[in-house]
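1. Compute the structure for the input listed below.
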Amino acid sequence: MNVLVVTESCFGNTARVAGAVAAGLQSKGAAVTVADAASQPDPSGVDLLLVGAPTHNMGLPGPGSRRQARDKGGNPGVTGVAEWLDALPRTLGGSAAVFDTVTGTGFFSGSAARGIGKRLRRHGVTIVARTSFLVGGTDGPLAEGELERAHAWGAELA
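-> Here you go, the predicted model:
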């Protein structure tokens, strides 16, 4: 199984989750490439696409929320998952799993993963799984057990 994991991370938490998911996939024999969305990775020819981002303002990060993250000590890229998704071919197809990092749960916390899934479906992609990983605040750390859960989720996806 050939897997591409595309992420955006401002404080490193989403990148750590992506690494744990990738390790879980690799533990089951998957060939995994992890790439930052700003590098504009090519998703063609993969068996499974995984896309993850932090939840900002109840959705995907944008220029304004990245600026706020930078002001708070984060290191976001100039562009991220939203811009990468917008640049994908209209007829991409295939299967994807999506994830996000969130500082809370419930209706009012929002979900970058929901936005990622919606944009991928516009490109003909079938969403096979979606989950969120909890962080303790804007800059983290990840809640206890979340990296282990991410690893297990990756193994399950394989």
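2. Distance-wise, check the residue of the chain positioned farthest from its centre relative to Leu49.
-> Within the chain, the residue lying farthest from the chain centre (Cα atoms, centre = their mean) is Asp71, at 22.1 Å. Using Cβ to Cβ, to the nearest Å, we find Asp71 at a distance of 32 Å from Leu49. C-beta here means a position set from N, CA and C on the backbone, and glycine is covered the same way.
3. what does stretch 96-104 contact?
-> Residues outside stretch 96-104 that contact it (Cβ atoms under 8 Å, 6 or more residues apart in numbering) are 13-14, 17, 21, 48-55, 109-113, 116-117, 120, 125-138, 142, 150, 153, 157.
4. and with 7 Å instead?
-> Residues outside stretch 96-104 that contact it (Cβ atoms under 7 Å, 6 or more residues apart in numbering): 13-14, 17, 48-55, 109, 111-113, 116-117, 120, 125, 127-135, 137-138, 157.
5. Kindly report the same for stretch 7-15.
-> Contact with stretch 7-15 is made by 18, 34, 36-37, 52-54, 61, 66, 69, 74-77, 80-81, 101, 135, 139-140, 142, as judged by Cβ under 7 Å, 6+ apart.
6. Just give me how far that stretch sits from the chain centre.
-> 8 Å (Cα atoms, centre = their mean, to the nearest Å).
7. Can you tell me the element the spatially most central residue of the chain falls in?
-> Closest to where the C-alpha atoms of the chain average out (Cα atoms, centre = their mean) is Gly52, at 0.3 Å. Assigned by DSSP states H and E, Gly52 falls within strand 48-54.
8. same check, this time on Ala96
-> Using DSSP H and E, Ala96 sits in strand 95-102.
9. and that strand, how far out from the chain's middle?
-> When distances are taken as Cα atoms, centre = their mean, strand 95-102 is centred 5 Å away from the chain's centroid.
10. quick one: the next helix or strand after it to strand 48-54, angle?
-> Per DSSP H and E, the first helix or strand lying C-terminal to strand 95-102 is helix 112-122. Helix 112-122 runs at 140 degrees relative to strand 48-54, counting by axes from the mean of the first three to the mean of the last three Cα atoms, to 10 degrees.
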